[in-house]
Every structure is written in structure tokens, then in C-alpha cells.
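Trainee: the following comprises the amino acid sequence and a computationally predicted model.
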Amino acid sequence: MPRQLTERQQSFLEHLYDILQNEPSVSNKYREAAIRAGYSINEKSNHVMKIARSLKDEITEMTKDLLVEGGPEAAQTMIDIMRGVPGSDGSARDRMAAAGNILDRGVGVTKVEKMAVEVSPGLMFLPPKDAPQTEEE
């Protein structure tokens, strides 16, 4: 069951989401979201990080949502870089990395390391001992 947030906490999360989605040029996204939500922020204060830590679970869920929303675009960008599509600004190294990421994440083709471990049975068979020599022999 989701916990109850204050109006200011909810506003902080909404502003943070909006900044992440629409304002990539904002350098300190947490600080800006806190100011827009009405928190009093001092330049030297660590109050912003206290706010963010107190909303850790909600921010984690927001991050997952952003990844889901951006997934198809990210995949297309990787494919464009891999193919060397004009405007994708990908070097050969970038194209190889993109191809590897697509294989690893997108289609489930991954390197599998196999180890062959042979375990011998717990019993060892030894040749029979020679019968002890007696003086009569």
C-alpha cells in the first residue's frame, strides 16, 4: 500500500518528473524540483538530499517508469548507432557497443560460460595386496 505523501512531497515528485522528462539542461534537478515545490533551500544545505532520500522508494519507481517510457526510443537510438545512420554520431566503437547491448538486453543472446566439472566417485578401487610371504614358501 503506497504511503501518504504531503502536498509538498507530491509536488516535489511531480516537478522532478517534469524536469527529468522535459528539461535535460537543468543541472541540479533535485534542487530545482525542491524549489518549485516550495521548499526553502539554502545553497550550502544538504536539505535537498534529505528530501530525496526520504522519497527514495517513490523516486525509484519514477525512475523505472521513465525507463519503460524511454525504452523504445533508447532501443531505436542504439539501432541507429549500430547501423551508422546519418546523424546518429556513432563511431565504429559505438556501433559495436550498441550491437552488443542490443544482443545482451534486447534479444536475450548472451555469452554463456560453461564449465565442465568431473567428480570422481567417492570409492577408489585398489589392486589386491599380495599375500604376505611366510617362511615356508
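Mentor: Ah, there it is.

Trainee: if I look at residue 15, how far off is residue 7?
Mentor: As for residue 15, its distance to residue 7 is 12 Å (criterion: C-beta to C-beta, to the nearest Å). C-betas here are computed from N, CA, C, even on glycine.

Trainee: looking at the two, which is more packed in?
Mentor: residue 15 (20 against 9; other C-beta atoms under 10 Å).

Trainee: mind listing residues that contact the helix or strand in which the more buried one is found?
Mentor: Take DSSP states H and E as the rule and residue 15 turns out to sit in helix 7-22. With contact meaning C-beta atoms under 8 Å, 6 or more residues apart in numbering, helix 7-22 is reached by 5, 26, 29-30, 32-34, 36-39, 51, 54-55, 58-59, 62, 66.

Trainee: next one: it to chain centre, how far?
Mentor: Average the C-alpha atoms of helix 7-22, do the same for its chain, and the two points are 22 Å apart (C-alpha atoms, centre = their mean, to the nearest Å).

Trainee: neighbours of residue 33, just the number please.
Mentor: Considering only other C-beta under 10 Å, residue 33 is surrounded by 24 other residues.

Trainee: who's in contact with it?
Mentor: Contacts for residue 33 (C-beta under 8 Å, 6+ apart) come out as 12, 13, 15, 16, 19.

Trainee: counting neighbours, which of these comes out on top?
Mentor: Using other C-beta under 10 Å as the neighbour definition, the contacts of residue 33 reach their maximum at residue 12, which records 27 neighbours.

Trainee: distance check, it against residue 23.
Mentor: Remark: distance between residue 12 and residue 23 (C-beta to C-beta) = 15 Å.

Trainee: below-threshold pLDDT in this structure: ranges please.
Mentor: Per-residue confidence for the chain (pLDDT under 70) gives these ranges: 1, 43-44, 88-90, 92, 95, 98-99, 102-125, 131-137.

Trainee: mind redoing it with 90?
Mentor: Scanning the chain for pLDDT under 90 picks out 1-3, 20-21, 24-28, 40-49, 62-137.
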